[in-house]
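Visitor: Dropping the sequence and predicted coords here.
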Amino acid sequence: MSLIKTVRGFTPVFGNNCFFAENSTIVGDVKVGNDCSFWFNSVVRGDVNSIRIGNKVNIQDGAILHCTFEKTKIHIGNNVSVGHNVIIHGATIHNNVLVGMGAIIMDNVEIGENSIIAAGAVVLENTLVESGSIYGGIPAKRIKSIEQNQTKEMIEKIANNYLMYAKWYE
């Protein structure tokens, strides 16, 4: 069973139909919506500030979510995929976003809805990622606007696939 731990008087709260890999870790001031999944070796540390996660969010293998003590929080909207080995540190991610494998999202970043952060991108502190865009590189820059079919084919498909994958483990 995953490690779900109370820290500083805060106990994580989860919606319905969530999946937890046996070695996922969720601690502290964390509130999660419905249909979310926390995969192998993922860590969601709400020990120094709050983490809020919407509905149909998948936190994939090795991802780490954390904040800066008393300065930054994490807010993740609905229908978001956080790829393998991603680091999100004190950022806001709006609805319908795909964060590619190995990306790093720093403090006070805001990612607009219907956006993609490319694999391996480093989104520097205080960056505003425009809605409907693809950002990539080190440091991450706007590459192009996202096409409507990419939203369906990539963002929605991956989020829906992770609901299916979680059922395999029931």
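Guide: The structure has been received and is ready for your questions.
Visitor: and the longest strand belonging to the chain, which strands flank it?
Guide: Of all the segments of type strand in the chain, defined by DSSP state E, the longest one is strand 43-53. Partners of strand 43-53 in the sheet, by DSSP bridges, are strand 25-32 (parallel), strand 64-66 (parallel), strand 74-76 (parallel).
Visitor: Quick one: the ones you listed as TSV, columns for mean neighbour count and mean pLDDT too.
Guide: Every C-beta, even on glycine, is put in place using the N, C-alpha and C of the backbone. What follows is the strands paired with strand 43-53, written out as TSV (neighbours: other C-beta atoms under 10 Å; pLDDT from 0 to 100):
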stretch	mean neighbour count	mean pLDDT
strand 25-32	21	98
strand 64-66	21	98
strand 74-76	21	98
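Visitor: what sits against the residue lying closest to residue 21 once chain neighbours are set aside?
Guide: Leaving aside its sequence neighbours, residue 21 sits nearest to residue 40 (C-beta to C-beta, 6 or more residues apart in numbering; 4.4 Å). Going by C-beta atoms under 8 Å, 6 or more residues apart in numbering, residue 40 touches 21, 22, 23, 24, 61, 62.
Visitor: Likewise for residue 8?
Guide: Per C-beta under 8 Å, 6+ apart, neighbours of residue 8: 28, 29, 47.
Visitor: Now do it against residue 91, distance only.
Guide: 21 Å (C-beta to C-beta, to the nearest Å).
Visitor: in the lengthiest helix in the chain, what counts as buried?
Guide: For the chain, the helix that runs over the most residues, judged by DSSP state H, is helix 157-168. By 16 or more other C-beta atoms under 10 Å, the buried positions in helix 157-168 come out as 158, 159, 162, 166.
Visitor: gap between that helix and the chain center?
Guide: Using C-alpha atoms, centre = their mean, to the nearest Å, the mean C-alpha position of helix 157-168 is found 15 Å from that of the whole chain.
Visitor: hmm, who's touching that helix?
Guide: In contact with helix 157-168 (C-beta under 8 Å, 6+ apart) are residues 19, 35, 37, 56, 57, 58, 60, 79, 80, 81, 98.
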